[in-house]
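K.L.:
Kindly return the folded structure for what I paste below:
(2 chains, ligands or ions: 2)
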Amino acid sequence: MGQLLIFIQQQDGIVSRVSLEALKGAQELAALLDHSLAGIVFGLETLPDELADIRLDEVLLVPAPELTVYSPEYYVAAMDEILSTESPALLIAGHTYQARDWLPRLARRRERPLISDCVGYHHNGELFWVRQIFQGKISTDVTTTPGLVIVSFQSGAFRSDDLGSGSPSVRTLDIDLSQVPSRVYPGERFQDAKSIVDLDRAERIVAVGRGIGEEENLALARELADTLEAGLGSSRPIIDYGWLPHDHQVGSSGQTVSPKLYLGVGLSGAIQHQVGMKNSNCIVAINKDPNAPIFEIADYGIVADLLEIVPRLTTVLKERQEK
Amino acid sequence: MKISVIVRQVPHQESVLKISKDETWIDEENLVFITNESDSYALEEGLLLKESQGGEVVVCTLGPERAGQVLKDALAKGADRAIFLRDDSFDRLDSQGMARAFAAALKDEQFDLILLGLQTDDIGNAQLGPILAEELDLPHATLVVGTEMLGRRVKVKQEQEGGWFQHIEMDLPALLTIQSGINKPRYASLRGIMAMKKKEIRDLTAADLGLNTSDLTPDQVLVRLYVPPKIKDTAFLEGAPDEIVAQLVEKLTNEAKVL
Ligand SMILES: Cc1cc2nc3c(=O)[nH]c(=O)nc-3n(C[C@H](O)[C@H](O)[C@H](O)COP(=O)(O)OP(=O)(O)OC[C@H]3O[C@@H](n4cnc5c(N)ncnc54)[C@H](O)[C@@H]3O)c2cc1C
Ligand SMILES: Nc1ncnc2c1ncn2[C@@H]1O[C@H](COP(=O)(O)O)[C@@H](O)[C@H]1O
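P.N.:
Ligands and ions are numbered 1, 2, ... in the order given. Just a heads-up that it's a prediction; the model follows:
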């Protein structure tokens, strides 16, 4: 029986949801491969409550003071040492922004592959890791050379609502990082001025993407939003272009919304956008590309030029209201 | 300040993608290729830093012949010279293989800052930056949405999840991966395009870089590409635009009851 490791990210003692989802994937893989499963927590002296009674064989706590605040150099050094003593078959983590920052560097130090942003796996004697490429338009199966594989699972790849019950034993690892040279000086975390547009509360949202084409065309979406008494949301490029202020952005680096109606216009539905809106009740997508990933999660799909549809929709809705 | 910017050529976002017969890549015929989105922002950040601090911007890419275009575009925007890693054996490199190639090309040049995009729009590994930093033994920061020079340090603003940010300082030399939206990428001027023609593009092969077969053998391979399986039964509304709109209003009123 071999071993799997799952890295569980925490901030101020609160475990990241994406880590718990990845933990579900790790539990499945441990069962499939008949391996034991150990969680790893950095920067804490005691076990977070959320991990006290779930199905894990053990939890390795690494309380080194250098790990209290995230810094890639210390994280890489600590995990490098763990991998030298534990020799697991897999190191699994959630694909968080932090994971994106330090796992590639760790992979290089171990000279082993990192399969990043996986949505799943399949197994027929050999393991195949499933990734999405071309912003979700194509899937691919990835294989690796034999040896340690580091895998990060995408947000939503597994559901964390049933992590089983157990009572993991706790092992504290004394890792001395005082000799690790640090050239990175993290400052305080902060939020920019609170947003004025509170999309969170909107019952309906019209969201525009790059397919709107030109800044002038935003007026079409705005008019539709006004007619529907909806909030105006957008994908990231619209914000990057400076066409709308940041508080309109929906997605992993913007707002998370779950309105009754989400009408996506000319946006492709990249994963970073989907995580911000996929829990909407009713999703409508207008996109000229029938293979756009947004149709994966849409209730109603319209494959057409938005310039043909949006103004007509506004007109019909206005007429209806006048009646 | 000596700055290197590493940019990749990818298919345009609106490309209609067809999986190739052997299912290991896409058919590249008839595709339009552009500079990867976050890489354009990385280049602009490099050019802005050069303008405020003085120095030089060296743009690099690794890819087939067509990828030379992203170097020309960068030179036309104001990069000073270019390095093109080009070799048939680079065809299916993984991120660590690419990092070995870039490291070999850059290590003797003493760059103060190396800038990359944070993720490619095609394979989307989001790995090359931190791997290259490790390869070159440099400090790094990812997801950078702001930079400020403080003498021999750089202070960056890093984007985090859910609207949070963090300031991070690093000693130079350092490597940053740039997030889109950090600046407004410029267009090439006519003068820039004329000037580009006189600028150096240096080709380097695996042999020039001293890379051997084991350096180039990937540890991860895309064995098969396929169309993602459908998980939701989307109701597609069809017909002329007026018919589609009528159907949609009807469905939203009577079926989804959201109007
Ligand atoms: C770390 C990270 C964080 C990110 N955070 C976010 C985030 O919070 N929110 C976010 O949205 N993105 C985010 N992104 C970016 C994300 O990956 C995508 O690049 C982005 O969502 C794409 O925006 P889009 O759909 O508007 O553009 P595209 O992907 O370019 O899609 C445009 C769509 O419009 C369609 N179209 C074009 N013309 C027409 C027309 N006339 N009629 C109808 N349809 C048309 C096209 O078919 C295409 O599908 C993030 C990326 C990273 C790496
Ligand atoms: N073949 C390449 N040539 C030049 N730059 C690349 C190449 N592949 C990746 N990059 C750079 O590395 C960044 C991250 O890419 P990736 O790790 O592949 O998602 C990109 O945004 C580019 O800046």
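
K.L.:
C-alpha only now, for contacts and for neighbours.
P.N.:
Will do.

K.L.:
Please name the residues that touch residue 35.
P.N.:
Picked chain A for this. A:Met1, A:Gly2, A:Gln3, A:Leu4 (Cα atoms under 8 Å, 6 or more residues apart in numbering or on different chains).

K.L.:
Please refer instead to chain B.
P.N.:
B:Thr35 sits next to B:Val7, B:Arg8, B:Gln9, B:Val10, B:Val70 when contact means Cα under 8 Å, 6+ apart.

K.L.:
from these, which ones fall inside helices?
P.N.:
Counting by DSSP state H, the part of those found in helices is B:Val70.

K.L.:
just so I have it, where are all the helices in the stretch 1-150 of chain B?
P.N.:
For the stretch 1-150 of chain B, the helices defined by DSSP state H, counting those that start in this stretch cover B:37-53, B:68-77, B:95-106, B:128-135.

K.L.:
ok, now the stretch 151-259 of chain B?
P.N.:
Under DSSP H, counting those that start in this stretch, the stretch 151-259 of chain B gives helices at B:190-196, B:213-216, B:241-250.

K.L.:
and A:Val316, which of those helices is closest to it?
P.N.:
Each of the helices of the stretch 151-259 of chain B has some distance to A:Val316 by Cα to Cα; the shortest is helix B:241-250, at 7.8 Å.

K.L.:
so where does A:Pro237 fall, helix or strand?
P.N.:
In this structure, A:Pro237 sits in helix A:236-240 according to DSSP states H and E.

K.L.:
Adjacent strands (with direction) for whichever helix or strand comes after that helix?
P.N.:
Sequence-wise, the next helix or strand downstream of helix A:236-240 (DSSP H and E) is strand A:261-265. The sheet places strand A:261-265 alongside strand A:204-208 (parallel), strand A:282-287 (parallel), with pairing taken from DSSP bridges.

K.L.:
List the contacts of residue 204.
P.N.:
Using chain A. Contacts for A:Arg204 (Cα under 8 Å, 6+ apart) come out as A:Leu228, A:Glu229, A:Ala230, A:Gly231, A:Pro259, A:Lys260, A:Leu261, A:Tyr262, A:Leu263.

K.L.:
actually it's chain B I care about, not the one you picked
P.N.:
B:Ile83, B:Phe84, B:Leu85, B:Arg86, B:Asp87, B:Ala105.

K.L.:
Hmm, the last one is touching B:Gly210, no?
P.N.:
Think B:Ala105. No - judged on Cα atoms under 8 Å, B:Ala105 makes no contact with B:Gly210 at a distance of 9.6 Å.

K.L.:
between these two, which one's more packed in?
P.N.:
More crowded of B:Ala105 and B:Gly210, by other Cα atoms under 10 Å in any protein chain shown: B:Ala105, with 19 against 11.

K.L.:
what about that one, distance to B:Arg224?
P.N.:
From B:Ala105 across to B:Arg224, the span is 31 Å (Cα to Cα, to the nearest Å).

K.L.:
residues touching B:Leu85, list them.
P.N.:
Applying Cα under 8 Å, 6+ apart, we find B:Leu85 in contact with B:Cys60, B:Thr61, B:Leu62, B:Gly63, B:Ala101, B:Phe102, B:Asp203, B:Leu204, B:Thr205, B:Ala206.

K.L.:
Look up how far chain A lies from B:Ala256.
P.N.:
7 Å (Cα to the nearest Cα, to the nearest Å).

K.L.:
For that residue, which non-adjacent residue is spatially closest?
P.N.:
A:Cys282 (6.9 Å; Cα to Cα, 6 or more residues apart in numbering or on different chains).

K.L.:
what about A:Asp53, neighbour count?
P.N.:
For A:Asp53, the tally of surrounding residues (other Cα under 10 Å) stands at 13.

K.L.:
repeat for A:Leu220
P.N.:
Applying other Cα under 10 Å, I find that A:Leu220 has 17 neighbouring residues.

K.L.:
Okay, the residue of the stretch 151-259 of chain B found nearest ligand 1 and ligand 2: tell me how far apart.
P.N.:
Going by Cα to the nearest ligand atom, ligand 1 is nearest to B:Gln179 of the stretch 151-259 of chain B, at 7.3 Å. The gap separating B:Gln179 from ligand 2 is 9 Å, by Cα to the nearest ligand atom, to the nearest Å.

K.L.:
tell me the secondary structure for the closest residue to A:Gly120 other than its chain neighbours?
P.N.:
Of all residues not flanking A:Gly120 in the chain, A:Val130 sits nearest, at 5.1 Å (Cα to Cα, 6+ apart). The three-state assignment at A:Val130 reads strand, by DSSP: H, G, I helix; E, B strand; the rest coil.

K.L.:
can you pull the contacts of A:Val130?
P.N.:
A:Val130 neighbours (Cα under 8 Å, 6+ apart): A:Cys118, A:Val119, A:Gly120, A:Tyr121, A:His122, A:Ser139, A:Thr140, A:Asp141, A:Val142.

K.L.:
Need the per-residue pLDDT for the last one.
P.N.:
Translated: A:Val142. pLDDT for A:Val142: 98.

K.L.:
For A:Glu203, what are phi and psi?
P.N.:
Note on A:Glu203: its backbone torsions stand at phi -80, psi -30 [degrees, to the nearest 10].

K.L.:
neighbours of it, just the number please.
P.N.:
By other Cα under 10 Å, the residues close to A:Glu203 number 19.

K.L.:
so how far is A:Asp240 from the nearest residue to it once chain neighbours are set aside?
P.N.:
The spatially closest residue to A:Glu203, leaving aside those adjacent along the chain, is A:Pro259, at 4.7 Å (Cα to Cα, 6+ apart). Here A:Pro259 is placed at a distance of 24 Å from A:Asp240 (Cα to Cα).

K.L.:
neighbour-wise, which of the two wins?
P.N.:
Set A:Pro259 next to A:Asp240 and count neighbours by other Cα under 10 Å: A:Pro259 wins out with 24 against 19.

K.L.:
which ones are touching the more buried one?
P.N.:
The contact partners of A:Pro259, by Cα under 8 Å, 6+ apart, come to A:Asp200, A:Arg201, A:Ala202, A:Glu203, A:Arg204, A:Ile205, A:Ser280, A:Asn281, A:Cys282.

K.L.:
Now list the buried members of these.
P.N.:
Neighbour-count burial (16 or more other Cα atoms under 10 Å in any protein chain shown) applied to the contacts of A:Pro259 gives A:Ala202, A:Glu203, A:Arg204, A:Ile205, A:Ser280, A:Asn281, A:Cys282.

K.L.:
Give me the below-cutoff pLDDT ranges for the stretch 1-150 of chain B.
P.N.:
Across the stretch 1-150 of chain B, nothing is flagged by pLDDT under 70.

K.L.:
residues from it in reach of ligand 1?
P.N.:
B:Gln13, B:Glu14, B:Gln119 (Cα under 6 Å from any ligand atom).

K.L.:
got the contact list for the longest strand along chain A?
P.N.:
Scanning chain A for the strand with the most residues, using DSSP state E, yields strand A:114-123. Outside strand A:114-123, the residues that touch it by Cα under 8 Å, 6+ apart are A:25, A:95, A:103-104, A:107, A:127-132, A:142, A:149-154, A:156-157, B:125-126, B:220.

K.L.:
and it, which residues are buried?
P.N.:
Neighbour-count burial for strand A:114-123 [16+ other Cα under 10 Å]: A:Leu114, A:Ile115, A:Ser116, A:Asp117, A:Cys118, A:Val119, A:Gly120.
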